[in-house]
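Undergrad: I'll drop the sequence and a predicted model, then ask my questions.
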Amino acid sequence: MIDVVLKDSVKNDHLHTNELQDLKKTAQQYRALLSASNTGAWEYMPQTGIQECNDVYFSMLGRNIQDYNFSTKNHDKVWLDLIHPDDRAATTKRFTEYLENPDGMYESVYRMSHANGSWVWICSRGAFLKNELDKNPNSFAGINIDVTQQKQIEEEIRQERILLRTLIDNLPGTIYIKDAKARKIIANKADVTTIGANSEAEVIGKTDLELFPNDIGLRGYQNDMEVLKTGEAIINKEEVFYDANGEQHWLSTSKVPVYDEYGKVSRILGIGHNITERKRSEEALNVLNKKLNTKSAELGKQAEELKALNDLLIQQKEQELEKAIAQGKFEIASEVLHDIGNALVGFGSYLTRINRVVEKNNLEGIRNLAAFLKVQQNLIGNAIGTDKAKALVSISEGIAKTQGDNQKEVSISISELLNIVSHIQEILNIQRQFVREHGGSHDRKPVNIVSIIEDCRSMLFASMDKKGVKLNVHIKPGTYVIKGDHTKLMQVILNIMKNSLEAIDMEKDEKTISIFMATANQQIQLKIVDSGEGFDVETSQRFFERGFTTKKSGTGLGLYNCRSIVESHSGSFDISSDGVGLGATTIIKFAL
């Protein structure tokens with residue numbers, strides 16, 4: 001330091017007084033400069049083991065220079081003892097190596113103890129001082145600079161880099177950075193996997209030409225060079241690639257130019273999203289659309305065939321009936337009517353199967369998909385492009401509308417056909433009565449009411465299960481066989497159960513239909529109870545009027561026919577309710 005030079009100059013007396021004064025002045029200026037810049041100064045004499053320091057050396061550690069002795073060996077106390085234990089070995093080694101081989105500038109960074117218990121990062125620089133009279137260096141001097149804030153900033157940057165890299169590596173999309181020659185300098189895990197490499201090191205420093213030795217590599221490299229040359233970003237470009245197993249995948253790629261401080265493109269930031277599943281979903285959606293359209297056409301054709309069959313049956317019935325009446329063969333007419341009635345049951349079952357097919361057509365799912373795509377249109381647009389997202393929403397809405405229209409048309413056709421069946425059945429009843437009045441006869445056979453109930457349950461199981469209606473059947477031990485028309489009796493019970501099913505509010509918590517059957521006093525009593533909407537007294541008084549109905553699409557012939565059939569079997573038919581919202585109870589009695 002300056003003080004050493006002054007001491008040697010006075011001791012050797014080789015400077016003039018004016019020169020000495022100038023030198024002292026210069027020393028004072030240097031001391032002021034060191035103090036103003038908050039720089040600690042030190043000087044170590046290897047021969048004596050003494051280390052001299054300025055005030056700032058200690059003040060930056062929260063300590064006072066007056067607390068230290070500089071007249072005897074003090075190197076450990078003013079320096080070594082203040083170094084952090086974890087840094088002491090490396091710092092001492094660096095200091096000793098420089099003492100043994102003082103080549104160039106000494107520099108070391110370590111932590112020193114502050115008086116408040118914290119640690120201060122110090123950057124220490126120095127060199128051996130030589131004077132003109134003694135060629136061998138005898139003094140090691142230097143400065144200490146507080147770099148704590150700089151180290152804290154470096155640590156924060158290091159932690160941020162760790163967090164950023166962790167985030168990049170754990171994102172599902174591919175993220176990479178390329179230099180001005182289109183060589184990769186950063187590649188996250190997803191990108192490494194997409195390329196088919198085992199580690200990032202395998203792809204660093206390589207272009208797409210080297211990573212993909214085919215048309216895919218050439219395409220990627222040309223895109224990179226275009227971005228570097230023009231500075232124009234490539235956004236959401238859909239590209240095909242193949243994995244290590246040769247399986248085809250799709251990637252939506254964006255490449256954005258990164259500019260340096262001179263406004264020149266120096267890097268490329270690449271982001272990719274694997275859209276393979278979306279592409280496959282689009283393909284599956286198109287296939288589904290074709291299948292639905294085909295199914296819709298088939299259902300329309302079946303509806304037309306059913307209408308033609310219905311017309312043919314009516315025509316056949318009229319022809320056979322006219323022929324029987326004309327020939328006076330009322331018994332033959334009775335058998336024909338019976339056979340047609342059985343055919344109508346099968347026809348109704350066919351309609352029921354068609355209705356199940358229509359119900360299985362997942363229209364609600366398609367509508368929900370269309371609604372979801374519309375709500376997510378902006379997000380999808382970000383991934384595949386606004387025009388494609390708009391087209392996808394339009395296609396899904398078109399499919400939903402087409403299927404809705406087709407299902408509605410088929411349902412209307414089925415409803416119309418069921419109404420026609422009801423009309424035919426009414427006509428059959430009238431004709432049967434006509435035949436009986438003219439001497440016709442129809443032998444009745446033993447019919448098991450329990451079997452009829454089971455058959456009706458099987459036919460309505462799908463509808464009840466879909467609507468969440470629970471069917472409870474309670475049949476006491478006994479004999480439930482009567483002589484009668486199996487088809488007609490099945491029509492009665494099926495009609496009552498369907499009425500109960502349609503009367504139940506689907507929003508209610510309790511949705512049940514209960515069937516009770518027992519024998520008493522030489523009678524079979526069948527009771528059907530539902531948790532439906534019920535009815536008032538005024539409505540109940542009109543149920544058996546011909547043409548009266550509470551349904552929008554009803555014919556008013558159901559209950560009228562049911563009572564007629566039951567009474568023709570020497571039975572009684574009654575339906576009652578405790579009021580609106582309290583359900584309904586139907587009681588049928590047959591004589592054993």
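TA: Okay, I see it.

Undergrad: for stretch 266-282, what is the average pLDDT?
TA: Computed over stretch 266-282, the mean pLDDT rounds to 84.

Undergrad: And for stretch 519-532?
TA: When the per-residue pLDDT values of stretch 519-532 are averaged, the result is 90.

Undergrad: Show me what the strand or helix carrying Glu156 is packed up against.
TA: For Glu156, the element it lies in under DSSP states H and E is helix 148-170. Judged by 3 or more C-beta pairs under 8 Å, 6 or more residues apart in numbering; DSSP states H and E, the packing partners of helix 148-170 are strand 119-129. To be clear about C-beta, it is placed using only N, CA and C from the backbone, and glycine gets the same treatment.

Undergrad: what's the host helix or strand of Leu379 in contact with?
TA: Using DSSP H and E, Leu379 sits in helix 377-384. Applying C-beta atoms under 8 Å, 6 or more residues apart in numbering, the contact partners of helix 377-384 are 236, 238, 252, 273, 275, 278, 373, 388-390, 392-393.

Undergrad: let's see it at 7 Å
TA: In this structure, residues lying in contact with helix 377-384 by C-beta atoms under 7 Å, 6 or more residues apart in numbering are 236, 252, 273, 275, 278, 373, 389-390, 392-393.

Undergrad: Render the CA-only coordinates of that helix in CSV, please.
TA: Extracted in CSV, the C-alpha atoms of helix 377-384 (Å, rounded to 0.1, in the frame of the first residue of the first chain):
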residue,chain,number,x,y,z
GLN,A,377,-64.4,-22.7,-29.3
ASN,A,378,-61.9,-20.0,-28.4
LEU,A,379,-59.6,-22.5,-26.6
ILE,A,380,-59.9,-25.0,-29.5
GLY,A,381,-59.2,-22.1,-31.9
ASN,A,382,-56.0,-21.4,-30.0
ALA,A,383,-54.9,-25.0,-30.5
ILE,A,384,-56.0,-25.7,-34.1
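
Undergrad: List the buried residues of it.
TA: The neighbour-count check on helix 377-384 (16 or more other C-beta atoms under 10 Å) flags 380-381, 384 as buried.

Undergrad: swap in stretch 509-517?
TA: Of the residues in stretch 509-517, those with enough neighbours to count as buried (16+ other C-beta under 10 Å) are 511-517.

Undergrad: And stretch 54-66, by the same measure?
TA: Burial within stretch 54-66, assessed by neighbour count using 16+ other C-beta under 10 Å, is assigned to 54-58, 60-61, 63.

Undergrad: if you look at those, which of them are in helices?
TA: Among these, DSSP state H puts 55-58 in helices.

Undergrad: a markdown table for those residues, including distance to Leu163 and pLDDT?
TA: Compiled in a markdown table, those are given as follows (distance: C-beta to C-beta, whole Å; pLDDT from 0 to 100):
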| residue | distance to Leu163 | pLDDT |
| --- | --- | --- |
| Asp55 | 41 | 90 |
| Val56 | 37 | 91 |
| Tyr57 | 37 | 93 |
| Phe58 | 38 | 94 |
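
Undergrad: Out of those, which is nearest to Lys229?
TA: When those are compared for distance to Lys229 (C-beta to C-beta), Val56 comes out closest, at 54.6 Å.

Undergrad: ok, the closest one to Ile475 distance?
TA: When distances are taken as C-beta to C-beta, to the nearest Å, Val56 and Ile475 turn out to be 106 Å apart.
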